[in-house]
Structure formats: structure tokens, C-alpha cells
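Colleague: quick one: sequence and predicted model below, then my questions.
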Amino acid sequence: MNPMKPTPPVAALLLAAGESARMGQSKALLSWGTTSLLEHQVSTLALYTEISRIVVVLGHKANELQATLHHAKVQIAINHNYREGRASSLVTGAKALTDSVPTSVLVCNVDQPLAPEIIAPLIAAHRAHPEAILRPVHAGHTGHPLILPSDVTPELLLVRDKTLGLRAITARHKKRIRSVPVTSGLAILNLNTPAEFRAAHAQYAP
């Protein structure tokens, strides 16, 4: 029997630069279990040895958020243009990754809580299909986060909100998309309003 091949390295790109206007307060600082949502995201990603680094893109309240991040895997990237939209944070994060060898990238948002039931299946699928764009599926609905393969990640430098940002990349490479079944409903949740956050926290927070 052949030994299991090693998983190609993955960098996590965690977007946490927005102003959280609809939430009325910083989503990154919202409580999730016994910690903040930002710290929960980082600690969940840090569980996996296959994730070699975690680039956290900050903008709004950058100094306050940075002061809460101490994990060795974390690299901070500041998006001074965060008011321009999510695409500007993707570009900022992609620039921070250009100082290393090409790597696959897991793209996640601070307001989409992660769980091992989501990350572990994605990592396993990446081991088996390192050339694929991977997205979780729960209850028949596609969700988040995405893993982009290493030959596609340079395209993050070119994303723009007016061309639909990350969607433009997945549209160009739609034949390479693989869906990965996951058991956690967090994969299909978006936390934009206080009511959405309260409901999700009551059901899913550790």
C-alpha cells in the first residue's frame, strides 16, 4: 500500500478589515463562545499543520484587532483602502503572500465562523485533489470558505469588486470546482445583522 501523500501547503487568508455597518459594531470583536470571533477563526485555522500561515487582513480598528492576535502562524496585512470593499482586502492579502513560494489559499471571512467539521473535509479533499477549487456543500447549498489551488491564487491580485471579486475567478475556472460535503451548517451562514448573529450564536457557538 502506498503511503498517504502529503497535503500541499495551504495559506489561510482571513479577511477582517470591514466596518461591519449593518451589524452596528465590529464583527471581529463579537463574542463567540469564550473568545472573540476573530480569535476563534485564527485558533480554528491554527489547529491544522497543513495550514502553514494565516494572513489576517485588517483595516477598520486595525490596531485594536492586531493587539488580540498572538499566534505564531499569524501574519498581519493592513488594508488602508478597506472602505473600497472586499476585493481590496483580497488584493492586500494576496500581496502579502507573494513573498513566499506559490501556495494554495483558503479564503475565509471573519463573519463566517469556521469549524473543524468544515476545515477537516476541505483539507482532506485538497490532499486528494490539489488542482481543484474546493467549496463546502451543506444541505444542498454551496458555502464557504474556498480553497484555491496554487496556480490560481496569483489571480487574487487582479480581483475588483466591479468584476464580482472572487466570483470572477471561480467563473473562469468553473470546470475545476469540486464540492465537498460538510456536516456543519456554519458553512452556509452569513452573519450580517444582529439578529443573524444572535441566532447563529445560540445554535453554533462553542
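Modeller: It's in.

Colleague: helices of the protein, residue ranges please.
Modeller: 37-45, 62-66, 86-97, 116-128, 166-172, 194-204 (DSSP state H).

Colleague: dump those helices to JSON lines, plus mean pLDDT, distance to residue 24 and mean neighbour count.
Modeller: Just so you know, the C-beta spots here come from the backbone N, C-alpha and C atoms, and that holds for glycine as well. Below are these laid out as JSON lines (pLDDT from 0 to 100; distance: least, Cβ to Cβ, whole Å; neighbours: other Cβ atoms under 10 Å):
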{"stretch": "helix 37-45", "mean pLDDT": "97", "distance to residue 24": "15", "mean neighbour count": "22"}
{"stretch": "helix 62-66", "mean pLDDT": "95", "distance to residue 24": "16", "mean neighbour count": "15"}
{"stretch": "helix 86-97", "mean pLDDT": "95", "distance to residue 24": "19", "mean neighbour count": "22"}
{"stretch": "helix 116-128", "mean pLDDT": "97", "distance to residue 24": "27", "mean neighbour count": "18"}
{"stretch": "helix 166-172", "mean pLDDT": "95", "distance to residue 24": "26", "mean neighbour count": "15"}
{"stretch": "helix 194-204", "mean pLDDT": "93", "distance to residue 24": "7", "mean neighbour count": "14"}
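
Colleague: tell me how far the residue nearest the centre of the chain lies from residue 175.
Modeller: Nearest residue to the geometric centre of the chain (Cα atoms, centre = their mean): residue 108, 1.2 Å. Here the criterion is Cβ to Cβ, to the nearest Å. By it, residue 108 lies 24 Å from residue 175.

Colleague: same deal with residue 82?
Modeller: 33 Å.

Colleague: neighbour-wise, which of those two wins?
Modeller: Neighbours were counted for residue 82 and for residue 175 using other Cβ atoms under 10 Å; residue 82 has more, 21 against 7.
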